[in-house]
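Chemist: here is my input, please return the structure:
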Amino acid sequence: MYDLAIIGAGTGGYVAAIRAAQLGAKVALVERDRLGGTCLNRGCIPTKALVRSAAVLQLARKAASFGVNIGQVELDFSAVQARKNDSVKHLVAGVELLLRSNGIDVFRGTGSLQRKGEGIYHLVVQPAKGDSSPRQELEAARVILATGSQPVLPPIPGVDLGGVITSEEALELEHVPASLVVIGGGVIGLEFAGIYRSFGSQVAVVEMLPNLLPMVDEELSRRLLPVFKRQGMEVHTSARVKVIERIGAQLMVVADTPAGEIRLFGEYVLVATGRRPDFGGIDLTELGVNYSARGIQVDSSMATQVPGLAAIGDVTGGTMLAHVASTQGMVAVERMLLGHGEMDYTRVPSAVFTYPEVASVGLSEKAAREAGQTVQVAKFPYSASGKAVTMGETEGLVKIVADQKGRLLGLHIFGENAADLIHEGALALTLGASVQDIVRTIHAHPTLAETIHEAAHGLAGGYIHLARGNTRRGLG
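Modeler: You can find the predicted model right below:
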């Protein structure tokens, strides 16, 4: 009898298992595919390995501007893919070691679940086809469902044609496409658009909404569009795809835009229109779980209405981020085993690994105003940062959103290393800090973190490294 069984060993599942083991629980972890789930095997990690290769390639191409002559720069795509695969293999092995070292029993196969009575869940683990291992049965007092998500294919005529791919196939291409049409201007679509543009593909992006990255601050979203176009990417917003057709060796995407119908051609078409919860074949109705196509319904501690049964990660819908799933896993375990734990989604940082990066935490300017806040905004450009100038990375902006008294409401960054810098804002929000608190915090020079410091100065007395005409009146 296990104290806890977890179905799904993605980022949320394996972190929950480790936390439960730390608290003294006997834990079973069931996984039908590979440890680490989507993030580690088909999402966050492999894409960031490709992003890194793309960044190195771009830096090599402009090495001469730094006084470094390296000759002809060429991409070895097979080596790029091998490095990506090695990165994933290394980290999967690390997860395996973590689970073993914490005494967690891992069961390979598809798990089914039945409730046998108060405090007793019965699990059957059926090995995958081709696996001669016998099926296994186990019982647990508590269960966490962490079965993840899968890509959504919209009902577009032609979406089933050969050459129409999802993010999972985009990771495994054997050559760099001569041309690529990306349907979807969200996180997944733009990251792959940037990767393959850097590798040499002609890239076009089609987004149904008026702005790219609809989840980020609107101003940052607007600033992205001309940057991508300068990089040679074709971008169409407010564009609704009507059909995908094959024309000889190419695919044609037909879309309606405010300016009329457009036709885009590509060797491949990447459909990146989001993901949906994957319930893992578990009979949720029989268990008595409330759910819909949007996900399993849970409370702030990740509990379902069924005693002893929780759900975490993408299967619950909502914010589909790996760091959210892992936090949910720890919250669910601590509520089950310690009696306390609650999710707070107001301070979740998000990052998009485009070039340059985009990152946000807290409220956007629009959301703050819609919430009835009297908003103050300060912005500081990367072009005024000494470190950014020396790096040759002057495209970017830091934007702080604060209330009337100077309490931080949100931080939004567009520029080099935004994904790392955003955590200063996350910590400040967690501590309830003000822009004055950020100003009083000494920032090392020269660093990109100074851009946040400078933006805070803009609301607390005046910018230091912007011309006086741009200085905002202080808060007193």
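
Chemist: mind giving me the packing neighbours of the helix or strand of the chain with the lowest mean pLDDT?
Modeler: Within the chain, no helix or strand scores below strand 110-117, which has a mean of 88 by mean pLDDT, DSSP states H and E. In terms of contacts (3 or more Cβ pairs under 8 Å, 6 or more residues apart in numbering; DSSP states H and E), strand 110-117 is packed against strand 4-7, strand 120-126, helix 284-287. (C-beta placed from N, C-alpha, C; glycine too.)

Chemist: quick check: next helix or strand after the top helix by length along the chain?
Modeler: Within the chain, and with DSSP state H defining each element, the longest helix by residue count is helix 77-101. Counting by DSSP states H and E, the next helix or strand C-terminal to helix 77-101 is strand 105-108.

Chemist: elements contacting that next one?
Modeler: strand 27-31.

Chemist: partners of the strand it packs on, with directions?
Modeler: Note on strand 27-31: by DSSP bridges, its sheet partners are strand 4-7 (parallel), strand 105-108 (parallel).

Chemist: return the most buried member of the ones you listed.
Modeler: Of all the strands paired with strand 27-31, strand 4-7 has the most neighbours on average by mean count of other Cβ atoms under 10 Å, namely a mean of 28.

Chemist: which helices and strands does the strand or helix carrying residue 181 pack with?
Modeler: Per DSSP H and E, residue 181 falls inside strand 179-183. Other helices and strands packing on strand 179-183, by 3+ Cβ pairs under 8 Å, 6+ apart, are helix 187-199, strand 202-206, strand 250-257, strand 260-266, strand 268-271.

Chemist: how does it look with 7 Å?
Modeler: Other helices and strands packing on strand 179-183, by 3 or more Cβ pairs under 7 Å, 6 or more residues apart in numbering; DSSP states H and E, are helix 187-199, strand 202-206, strand 260-266, strand 268-271.

Chemist: residue 460 is nearest to which of these?
Modeler: Evaluated over these, closeness to residue 460 peaks at helix 187-199, with 32.4 Å, by Cβ to Cβ.

Chemist: which residues sit against the closest one?
Modeler: For helix 187-199, the external contacting residues (Cβ atoms under 7 Å, 6 or more residues apart in numbering) are 47, 50-51, 54, 57-58, 75, 77, 167, 170, 176-177, 180, 182, 203, 205, 212-213, 231-233, 270, 272, 352-355.

Chemist: related to what we said a few turns ago, which one of the strands paired with strand 27-31 lies nearest to residue 414?
Modeler: strand 4-7 (37.4 Å).

Chemist: so for the closest one, mean pLDDT?
Modeler: Average pLDDT, strand 4-7: 97.

Chemist: and it, how far from the chain's centre?
Modeler: Centroid separation for strand 4-7 versus its chain: 25 Å, with Cα atoms, centre = their mean, to the nearest Å.

Chemist: same thing with stretch 75-94?
Modeler: 20 Å.

Chemist: what does the strand holding residue 181 contact?
Modeler: Residues outside strand 179-183 that contact it (Cβ under 7 Å, 6+ apart): 189, 192-193, 196, 201-206, 241, 253, 264-273.

Chemist: and the helices in the stretch 251-400 of the chain?
Modeler: Ranges of helices in the stretch 251-400 of the chain, per DSSP state H, counting those that start in this stretch, are 284-287, 322-338, 365-370, 386-391.

Chemist: let me have the ones you listed in TSV, adding mean neighbour count, mean pLDDT and distance to residue 450 as columns.
Modeler: Output for those, formatted as TSV (neighbours: other Cβ atoms under 10 Å; pLDDT from 0 to 100; distance: least, Cβ to Cβ, whole Å):
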stretch	mean neighbour count	mean pLDDT	distance to residue 450
helix 284-287	14	94	50
helix 322-338	22	97	26
helix 365-370	16	95	22
helix 386-391	16	97	7
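
Chemist: buried residues, the least confident helix or strand of the chain. List them.
Modeler: Under the neighbour-count criterion of 16 or more other Cβ atoms under 10 Å, strand 110-117 has 110, 111, 112, 113, 115 buried.

Chemist: swap in stretch 294-301?
Modeler: In stretch 294-301, counting by 16+ other Cβ under 10 Å, buried: 295, 296, 298, 301.
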